[in-house]
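[1] Show me how the following folds:
(one chain, ligands or ions: 1)
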Amino acid sequence: MASPKKQLQGLVAATITPMTEHGEINFSVIGQYVDYLVEEQGVKNIFVNGTTGEGLSLSVSERRQVAEEWVTRGRNKLDQVVIHVGALSLKESQELARHAAEIGADGIAVIAPFFLKPWNKDVLINFLKEVAAAAPALPFYYYHIPALTGVKIRAEELLDGIQDKIPTFQGLKFSDTDLLDFGQCVDQNRQRQFAFLFGVDEQLLSALVMGATGAVGSTYNYLGKKTNQMLEAFERKDFSSALNHQFCIQRFINFVLKLGFGVSQTKAIMTLVSGIPMGPPRPPLQKASREFIDDAKAKLKSLGFLSSTDLKDGNLESYS
Ligand SMILES: CC(=O)N[C@@H]([C@@H](O)[C@H](O)[C@H](O)CO)[C@@H](O)CC(=O)C(=O)O
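    Presented below is the predicted three-dimensional model:
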């Protein structure tokens, strides 16, 4: 069985894949990005090539290079680097899993295949098991994101007996709002040392109450510091402060969700807040509008997430 250095806990940034204006991966800023997460946001775990990282829009060769760059740049700086290796092709997924092990990643995660879909728990487990077996020394996480995969098999059902089939199973990344399902995953697996990583940033406090051991999300790239304050308040049982932090985070996420929020907008916000150019998303996604950026910038400022001295939007000149 895989034995992780320590349980994956706390905040995990779902990393963005920086791109040039021509749509190629911009590897040159990844070192700077690692330093920004650690020093400015207090985030020391990352989840690479997931939804936010446009993993499914990259070629296998690009995914390998991106994973390698993050592992290399994160060495001695980050605690854990988990690579998402899910793909429609089992062979590709296995290749990426083997590669993650070779480069020294700390874990792998896999979504349910979403074109020819698994139709029940056993079929899904069989697919996951074959991927996990390609990296038998790496902790394995199931990435549950039913709204995007269309695979609605409940996580609670999937976890039942999963370690008998996948001995390296280490935890769940739960990107769904069904807190009954999430709570039951925790409740029914209390004897096991699984990581329960919640993936809906605007509802993290509720998931902490349910027993989340950590969180993976896009907003921890630029709201990591604020979210860490919420985690600290929760830890010291100062629930009133924790709630105030969550409400403040919600005000921002609620605002951008109403404008239309996804990977493109995350890239623009991160560019604005960090000053590191994230570039455009890969088609079919389109870059965020100038109007979105202006509105998001005003909101970040009004909530105290961005001071005038922090404003680094020089890299947003290409937005029209
Ligand atoms: C659908 C989606 O992209 N969800 C995000 C959230 O962080 C999300 O952006 C946030 O909660 C705002 O709604 C993460 O769960 C995705 C994620 O962790 C990943 O990029 O793999």
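
[2] Would you list the phi and psi of Met76?
    Careful, residue 76 is Asn and not Met. The phi and psi values for Asn76, taken as degrees, to the nearest 10, are phi 70, psi 10.

[3] any idea how far the ligand is from it?
    Distance, Asn76 to the ligand, using Cβ to the nearest ligand atom, to the nearest Å: 25 Å. For glycine as for every other residue, the C-beta is placed from the backbone atoms N, C-alpha and C.

[4] Which strands and helices lie in contact with the helix or strand Ser240 falls within?
    For Ser240, the host element (DSSP states H and E) is helix 239-259. Secondary-structure packing of helix 239-259 (3 or more Cβ pairs under 8 Å, 6 or more residues apart in numbering; DSSP states H and E): helix 204-210, helix 224-235, helix 263-274, helix 290-302.

[5] what element comes up after the first one heading to the C-terminus?
    Next along the chain after helix 204-210, taking DSSP H and E as the criterion, comes strand 214-217.

[6] For the protein, which residues are neighbours of the ligand?
    14, 47, 50-52, 175, 199-202, 216-219, 253 (Cβ under 6 Å from any ligand atom).

[7] Output the below-cut-off pLDDT ranges for the stretch 1-150 of the chain.
    Of all residues in the stretch 1-150 of the chain, those with pLDDT under 70 make up the ranges 1-5.

[8] where do the helices sit along it?
    Counting by DSSP state H, counting those that start in this stretch, the stretch 1-150 of the chain has helices at residues 30-35, 60-74, 90-103, 121-133, 146-149.

[9] Using JSON lines, lay out those helices together with distance to Asp295 and mean neighbour count.
    As requested, the helices of the stretch 1-150 of the chain are arranged in JSON lines below (distance: least, Cβ to Cβ, whole Å; neighbours: other Cβ atoms under 10 Å):
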{"stretch": "helix 30-35", "distance to Asp295": "25", "mean neighbour count": "19"}
{"stretch": "helix 60-74", "distance to Asp295": "30", "mean neighbour count": "20"}
{"stretch": "helix 90-103", "distance to Asp295": "37", "mean neighbour count": "19"}
{"stretch": "helix 121-133", "distance to Asp295": "40", "mean neighbour count": "18"}
{"stretch": "helix 146-149", "distance to Asp295": "25", "mean neighbour count": "15"}
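
[10] what's the neighbour count on the residue of the chain found nearest the ligand?
    The chain approaches the ligand most closely through Gly50 (2.4 Å), counting by Cβ to the nearest ligand atom. The burial count assigned to Gly50 is 28, neighbours taken as other Cβ atoms under 10 Å.

[11] what's the neighbour count on Lys77?
    13.

[12] so what's it up against?
    Residues in contact with Lys77 (Cβ atoms under 8 Å, 6 or more residues apart in numbering) are Val34, Asp35, Val38, Lys44.

[13] For Leu8, give its distance to Glu235.
    17 Å (Cβ to Cβ, to the nearest Å).

[14] try Tyr36
    In terms of Cβ to Cβ, Tyr36 sits 24 Å off from Glu235.

[15] okay, the two: which has more neighbours?
    Tyr36 (21 against 10).

[16] Touching, the more buried one and Val273? I think so.
    No. In this structure, Tyr36 is not within contact of Val273 by Cβ atoms under 8 Å, at 9.3 Å.
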